[in-house]
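Novice: Sequence first, then the predicted structure, then my questions.
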Amino acid sequence: MRVTVICSMYPPALAPEAPHAALLCKHLAAAGADVTLITSYMDAPRPRGEGFVVRDVMPDWGWRNAPRLFRELNRSNPDVVLLIYLGWIYDRHPMVTFLPSLCRRLKRRPRVVVQFENTGGAENVTGLRWICRRAAAVVSGGRGLEFRYGTLLRDSDAVVALCEPHLKTLSKFAASLNGRATVIPAPPLLRIVDDPTGDVRRRTRSRLGYAPNDFVVAYFGYVYPEKGVETVIEAAGAALRRVPNLRLLMIGGSPANLAERDPTYPDRLRARVRELGLAERTFWTGHCEPDAEDASNYLHAADTCVLPFTQGIRQNNSSYAVVTSHGLPVITTRADDLEAEFRNQENVMLFNPGDAAAAADCIAAVANQPALRNALRTGAIAYAHGRSSWGAVTRQTLDVLRPSPTIVLVPPTQRFVRPAVSPPPPIWNAIPTTRVREMAGATTANVTAAD
């Protein structure tokens with residue numbers, strides 16, 4: 001099965017969609033698909049695809065490059081096209097939102113699947129952009145279109161969202177998503193280090209100065225206000241009396257744009273840590289590269305992880321996929337529209353966003369109740385294996401991509417390669433030299449007699 005993936009972001013771009021696209025292509029290729037990725041042109045060196053072809057040929061995603069995209073699609077001749085979509089990574093330009101209409105004009109029409117990384121779409125344009133968008137809408141049939149999404153919702157063969165709330169939002173703009181839409185959770189966008197013997201955990205804890213009986217509470221993610229990081233710090237301070245062996249491990253750094261938005265935020269957090277008497281108990285890792293092993297090693301050293309999302313936990317939170325891939329008990333926030341996959345005291349321990357006292361109660365319960373801790377660990381592993389691990393996400397994605405469920409993919413490692421066979425030698429090489437001479441003489445005699 002030939003799969004062409006379209007995503008404007010690819011490493012070394014810093015947007016999370018970049019590693020998501022690269023890792024998804026890698027795992028689809030490992031499962032047996034022939035994968036081509038069409039992405040933006042960049043001056044910076046980019047890594048080669050691991051088992052797939054990278055075509056970084058798009059200068060931008062405006063109307064003038066629609067013919068270039070069309071040529072690339074014809075070149076790759078796909079059975080299915082997968083668009084990884086979020087408005088801002090295409091500069092909120094509407095061109096790519098008419099991808100299903102473009103694919104209808106290819107030499108061979110492929111199946112078209114769009115995966116929404118979030119619900120943001122194109123902007124409501126004016127001027128020449130509006131004229132071009134209006135022309136594209138007329139050519140595509142104007143009914144049932146929404147300016148944010150073009151023909152993506154109306155004409156795609158399948159629509160993928162990363163969580164149920166996103167799918168509900170998208171459904172407001174399309175009346176006929178039933179039967180075409182599915183939720184595939186965000187996978188872990190991080191290199192996961194296997195630690196079956198616990199050696200990584202022991203080495204990392206020793207390096208950080210943790211005693212064997214220390215209870216290590218981790219935070220994993222970027223450090224900025226929308227993540228609710230201060231809730232973790234306040235909760236750790238409030239839980240200290242009930243968990244006297246508590247240690248706080250802050251995994252992650254601040255994004256570059258935070259220096260412009262709120263430059264003093266990291267310093268305020270560290271000041272609060274000192275005020276709560278946690279300075280000697282807290283380790284800040286700083287930024288960890290997603291393709292390095294550092295973040296995974298730190299998570300193996302932890303005993304639980306607090307994810308204090310200000311809007312509550314959702315399946316599109318890749319940090320939850322990362323943490324559950326390490327089998328850690330997760331303490332996180334309750335969303336107003338909590339998805340059924342999250343079950344309190346089974347695969348998550350829930351508290352309300354911003355409620356540091358409730359978060360402290362959760363930390364104390366997980367630290368002091370081994371049965372609860374083990375239940376949360378078991379639930380985390382079950383969720384990862386069934387829904388968010390790369391194996392699970394690849395399986396779910398292939399189920400959506402296949403034009404027919406009868407198509408069987410063979411991974412490259414299992415493909416039979418016919419051994420090279422040298423062409424057979426001329427027949428006279430197998431005949432003794434004396435016999436060749438006799439045959440040559442007989443042939444000459446026959447020719448002479450015929451003359």
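Specialist: Good, I have the coordinates. Numbering: from 1, shown residues only.

Novice: quick one, what contacts residue 217?
Specialist: Residues in contact with residue 217 (CB atoms under 8 Å, 6 or more residues apart in numbering) are 232, 236, 239, 246-249, 302-306, 363. C-betas here are computed from N, CA, C, even on glycine.

Novice: List just the nearest of those to residue 33.
Specialist: Nearest to residue 33, judged by CB to CB, of the contacts of residue 217 is residue 305 at 33.2 Å.

Novice: Three-state assignment for the closest one, please.
Specialist: Secondary structure for residue 305, judged by DSSP: H, G, I helix; E, B strand; the rest coil, is strand.

Novice: Report the beta-bridge partner residues of it.
Specialist: Listed by DSSP bridges, the beta-bridge partners for residue 305 are residue 218, residue 330.

Novice: Relative to residue 313, how far out is it?
Specialist: 12 Å (CB to CB, to the nearest Å).

Novice: more neighbours, those two?
Specialist: Neighbours were counted for residue 305 and for residue 313 using other CB atoms under 10 Å; residue 305 has more, 27 against 24.

Novice: Go ahead and confirm that one touches residue 325.
Specialist: No - the pair residue 305 / residue 325 is not scored as a contact, 11.3 Å apart, by CB atoms under 8 Å.

Novice: Can you list the low-confidence ranges for this structure?
Specialist: For the chain, residues meeting the criterion pLDDT under 70 lie at 46-47, 142, 144, 256-260, 404-451.

Novice: in it, which spans are strands?
Specialist: 2-6, 34-40, 53-58, 80-85, 111-116, 158-161, 181-183, 215-220, 246-251, 282-284, 304-307, 330-333, 349-351 (DSSP state E).

Novice: what packs against the fifth one?
Specialist: If I follow you right, that is strand 111-116. strand 80-85, helix 99-103, helix 152-155, strand 158-161, helix 390-401 (3 or more CB pairs under 8 Å, 6 or more residues apart in numbering; DSSP states H and E).

Novice: So what's the residue count around the closest residue to residue 158 other than its chain neighbours?
Specialist: Of all residues not flanking residue 158 in the chain, residue 113 sits nearest, at 4.5 Å (CB to CB, 6 or more residues apart in numbering). Look at residue 113: counted by other CB under 10 Å, it has 23 neighbours.

Novice: doesn't residue 161 make contact with residue 113?
Specialist: No - taking contacts as CB under 8 Å, residue 113 lies outside contact range of residue 161: 11.8 Å.

Novice: still on that earlier bit, beta-bridge partners for the residue nearest to residue 158, please?
Specialist: With DSSP bridges as the rule, residue 113 is bridged to residue 82, residue 158.

Novice: what's the domain layout of this structure?
Specialist: Domain assignment of the chain by automatic domain parsing yields the ranges 2-183, 199-388.

Novice: and these as a markdown table, adding distance to residue 399?
Specialist: Output for the domains of the chain, formatted as a markdown table (distance: least, CB to CB, whole Å):
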| stretch | distance to residue 399 |
| --- | --- |
| domain 2-183 | 8 |
| domain 199-388 | 13 |
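
Novice: For residue 190, which of those is the nearest?
Specialist: Once the domains of the chain are compared by CB to CB, domain 199-388 is nearest, at 4.9 Å.

Novice: first to last residue in the closest one, what's the distance?
Specialist: 25 Å (CA to CA, to the nearest Å).

Novice: what does stretch 28-37 give?
Specialist: 11 Å.

Novice: contacts for it?
Specialist: Under CB under 8 Å, 6+ apart, the answer for stretch 28-37 is 1-7, 10, 21-22, 25, 49-55, 76, 78, 394, 397-398, 401, 409-412, 414-415.
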